[in-house]
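Novice: Predicted model and sequence below, questions to follow.
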2 protein chains.
Amino acid sequence: MNVLLVYAHPEPRSLNGALRDFTVARLRAAGHAVQVSDLHAMRWKAVLDAEDFPEHQRDDPLNPSRASRLAYAAGTQTDDVAAEQEKLRWADLVIFQFPMWWFSMPAILKGWFDRVYAYGFGYGVGEHSATHWGDRYGEGTLQGKRAMLVVSTGGWAEHYGERGINGPIDDLLFPIQHGMLFYPGFAVLPPFVIHKTGSMDAQRFDATLQDLGARLDAVAHTAPIPYRRQNHGDYLIPALTLKAELSPGRSGFALHCERPEDAGATARNSDVHNAPALSSPVHS
Amino acid sequence: MNVLLVYAHPEPRSLNGALRDFTVARLRAAGHAVQVSDLHAMRWKAVLDAEDFPEHQRDDPLNPSRASRLAYAAGTQTDDVAAEQEKLRWADLVIFQFPMWWFSMPAILKGWFDRVYAYGFGYGVGEHSATHWGDRYGEGTLQGKRAMLVVSTGGWAEHYGERGINGPIDDLLFPIQHGMLFYPGFAVLPPFVIHKTGSMDAQRFDATLQDLGARLDAVAHTAPIPYRRQNHGDYLIPALTLKAELSPGRSGFALHCERPEDAGATARNSDVHNAPALSSPVHS
């Protein structure tokens, strides 16, 4: 497979740096081709602004979504953005590795999504009408590719558990995994999460490498998170609400995953794991 | 009141720009003192890296959390970070206004949190032990202050409803409202959310201003979201899991709000709205 590792930590001589080096070596030893976007080393421009659109007339108000659409269509994006899009087209699997800062990703990685996910590439793909709300959430530019998060936290696993004070890790990652990865078409593998990074000793580090290695060895056949696809019957369009008969009694983000008890109602979705994404503007 | 508006949109001649100007004028007319941190106009440095710690020896590996603690304690932070902390100390109310990009805030604002929330200021406050896990989630440096989000989205309100495909807006905002605002001590007012920004006509714009004005007029006495405080009996320490008898049968982020049915069990929390935060490292 072709694997892109998008990596966001300011210090190579860190736990994250060691895990990145391990990941690259393990994947290459298994015969995969690997590219790394090391955002700090690249001095990635995190902020989306008018400088991203060289053709934009400075006297005109900047509408980020419109400017993005025009630049993507005309091939006038900045080189750094176009290069990342090309890496995404090349990749079969994309791994995003970052330390969790303030219950989300570091700004430099958020700025990668803000800028690389252009209108026409990451969103605004496919027909947008009263009967088809874009190729998104399972369809889109990145359909057929896999993605996986590798995330470190300082807190304990319990703090991120079902009743932990920070909120469940799966819910904290939902805006990323569902909103940034499944949205443009990725099939999203379960995340690899390392907790208590402040107290990592040699024994736990070795165990972590062993676990991560096993996940990397299995990426080609690991079942993705069964997020519901937008355009395969589960949602009313254009309201885009989940149909009343699905996931009765559940609430929150968990609604948007298929569970075994829904299997009868959604037999048509037996191929959901090959999850495909056309989008609507998310910039405003 | 002293009001700080932290504003993150690249174009002043935008819907967000108009709402910002309205907000500042309305607050000043009511007699409040207002400061604005316009992050794009300030060319805010979004990326946390070694340059933030002038005293850090470049030959030493950068541990962001440790470097932050040392710089905050020694008074060697960069001027831009120290100035924002000073504004936060001055403010009674902080409004964060931004367009929702990819189900979160723009990178420039995330980088404000990553950098301004230093160890010893935004986290790592108070005693950290097996019996007291920091002054956080209702206690901390920003205790006694109020915060409120003003957020615009391109999508429809239904798409962000209880069963909407994007996930409920309250859950999407939880990592921000609970994880970034309640964590260091803010009492968090319900957010003001503007949907369908791409189709804003004059009539809806006027209605939006009227609604926003009413919210601004009421900021001093609006009841905050009743997030549960960490250090007032609801959580086991150090596991930091919600006690079994609280919110039985509920799941997800909603667990961490008090609801009327819990009133009997948590009478001791009658003053929860004066929510106070000591923290643990969130950087890793």
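Specialist: Nice, I can see it.

Novice: State the helix or strand in which the residue in chain A sticking out farthest from the centre lies.
Specialist: Distance from the C-alpha centroid of chain A, by CA atoms, centre = their mean, peaks at A:Asp59 (34.9 Å). Under DSSP states H and E, no helix or strand contains A:Asp59.

Novice: pLDDT score assigned to the spatially most central residue of chain A?
Specialist: In chain A, the centroid-proximal residue (CA atoms, centre = their mean) is A:Leu181; its distance is 3.0 Å. At A:Leu181 the predicted local distance difference test score is 98.

Novice: So what's the residue count around the spatially closest residue to A:Glu258 that is not a sequence neighbour?
Specialist: Closest residue to A:Glu258 apart from its sequence neighbours, by CB to CB, 6 or more residues apart in numbering or on different chains: A:Pro226 at 4.3 Å. Yep, even glycine has a C-beta here, placed from its N, CA and C like the rest. For A:Pro226, the count of nearby residues is 19 (other CB atoms under 10 Å in any protein chain shown).

Novice: Just the pLDDT at A:Pro226, thanks.
Specialist: 97.

Novice: separation between it and chain B?
Specialist: In this view, A:Pro226 and chain B are 15 Å apart by CB to the nearest CB, to the nearest Å.

Novice: Also A:Val219?
Specialist: Per CB to the nearest CB, A:Val219 is found 24 Å from chain B.

Novice: And for A:Leu48?
Specialist: Using CB to the nearest CB, A:Leu48 is found at 7 Å from chain B.

Novice: For the closest residue to A:Ala147 other than its chain neighbours, grab the count of nearby residues.
Specialist: Leaving aside its chain neighbours, A:Ala147 sits nearest to A:Phe186 (3.9 Å; criterion: CB to CB, 6+ apart). Counted by other CB under 10 Å, the residues lying close to A:Phe186 total 28.

Novice: So which residues of chain A form strands?
Specialist: In chain A, the strands defined using DSSP state E lie at A:2-7, A:33-38, A:93-99, A:146-152, A:187-188, A:192-194.

Novice: Would you reformat the ones you listed as JSON lines and include mean neighbour count?
Specialist: Formatted as JSON lines, the strands of chain A follow (neighbours: other CB atoms under 10 Å in any protein chain shown):
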{"stretch": "strand A:2-7", "mean neighbour count": "22"}
{"stretch": "strand A:33-38", "mean neighbour count": "17"}
{"stretch": "strand A:93-99", "mean neighbour count": "24"}
{"stretch": "strand A:146-152", "mean neighbour count": "23"}
{"stretch": "strand A:187-188", "mean neighbour count": "24"}
{"stretch": "strand A:192-194", "mean neighbour count": "20"}
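
Novice: Of all those, which one is nearest B:Asp234?
Specialist: strand A:192-194 (24.8 Å; CB to CB).

Novice: Remind me what that closest one packs against, helices and strands.
Specialist: Helices and strands touching strand A:192-194, by 3 or more CB pairs under 8 Å, 6 or more residues apart in numbering or on different chains; DSSP states H and E, are strand A:146-152, helix A:202-217.

Novice: what's in contact with the longest one?
Specialist: Right, helix A:202-217. The list of residues contacting helix A:202-217 from outside it, by CB atoms under 8 Å, 6 or more residues apart in numbering or on different chains, reads A:15, A:18-19, A:22-23, A:26-27, A:30, A:148, A:150, A:192, A:194, A:200, A:222.

Novice: Distance from the chain centre to it, please.
Specialist: With CA atoms, centre = their mean, to the nearest Å as the basis, helix A:202-217 stands 22 Å off its chain's centre.

Novice: which parts of it are buried?
Specialist: By 16 or more other CB atoms under 10 Å in any protein chain shown, the buried positions in helix A:202-217 come out as A:208, A:212-213, A:215-216.

Novice: anything in stretch A:7-26 sitting right up against chain B?
Specialist: Yes. Residues of stretch A:7-26 are located near chain B by CB under 8 Å from any CB of the partner chain, namely A:10-11, A:13-16.

Novice: Which residue lies closest in space to A:Val219, excluding its sequence neighbours?
Specialist: Closest residue in space to A:Val219, ignoring its immediate chain neighbours: A:Leu93 at 5.7 Å, by CB to CB, 6+ apart.

Novice: That neighbour: what's it in contact with?
Specialist: Contacts for A:Leu93 were tallied using CB under 8 Å, 6+ apart; they are A:1-4, A:32, A:145-148, A:219.

Novice: Could you check how far it is from A:Val3?
Specialist: Going from A:Leu93 to A:Val3 by CB to CB, to the nearest Å gives 5 Å.

Novice: And A:Gly120, by the same measure?
Specialist: Taken as CB to CB, the span from A:Gly120 to A:Val3 is 25 Å.

Novice: Give me the pLDDT value at the residue nearest to A:Ala50 when sequence neighbours are not counted.
Specialist: Closest residue to A:Ala50 apart from its sequence neighbours, by CB to CB, 6+ apart: A:Leu62 at 5.0 Å. Per-residue pLDDT puts A:Leu62 at 97.

Novice: The one 3 residues further on too?
Specialist: On the pLDDT scale, A:Ser65 is placed at 96.

Novice: Quickly list what the residue nearest to A:Val219 is bridged to.
Specialist: A:Leu93 has these beta-bridge partners by DSSP bridges: A:Val3, A:Arg146.

Novice: before we move on, back to that, and which of the contacts of helix A:202-217 is nearest A:Lys243?
Specialist: A:Thr222 (28.6 Å).

Novice: OK, contacts around the closest one?
Specialist: By CB under 8 Å, 6+ apart, the neighbours of A:Thr222 are A:189-190, A:215.

Novice: Now render those residues as a markdown table, adding pLDDT.
Specialist: What follows is the contacts of A:Thr222, written out as a markdown table (pLDDT from 0 to 100):
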| residue | pLDDT |
| --- | --- |
| A:Leu189 | 98 |
| A:Pro190 | 98 |
| A:Arg215 | 98 |
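
Novice: Going by distance to chain B, which of those residues wins?
Specialist: Of all the contacts of A:Thr222, chain B sits closest to A:Pro190, with 17.9 Å by CB to the nearest CB.

Novice: And the nearest residue in space to the closest one that is not next to it in sequence, how far from B:Tyr117?
Specialist: The shortest distance from A:Pro190 to any non-neighbouring residue, by CB to CB, 6+ apart, is to A:Ile225 (6.2 Å). According to CB to CB, A:Ile225 stands 30 Å off from B:Tyr117.

Novice: higher neighbour count, those two?
Specialist: Comparing A:Ile225 with B:Tyr117 by other CB under 10 Å, the one with more neighbours is B:Tyr117, at 27 against 21.

Novice: quick one: A:Asp114 and B:Ser104 touch, right?
Specialist: No. A:Asp114 lies out of contact with B:Ser104 (CB atoms under 8 Å); the separation is 9.4 Å.

Novice: Against B:Ala46, how distant is A:Asp114?
Specialist: From A:Asp114 to B:Ala46 the distance is 10 Å (CB to CB).

Novice: got it, and A:Gln203?
Specialist: To B:Ala46, A:Gln203 is 37 Å away according to CB to CB.

Novice: Ok, A:Arg228 next?
Specialist: In this view, A:Arg228 and B:Ala46 are 34 Å apart by CB to CB.
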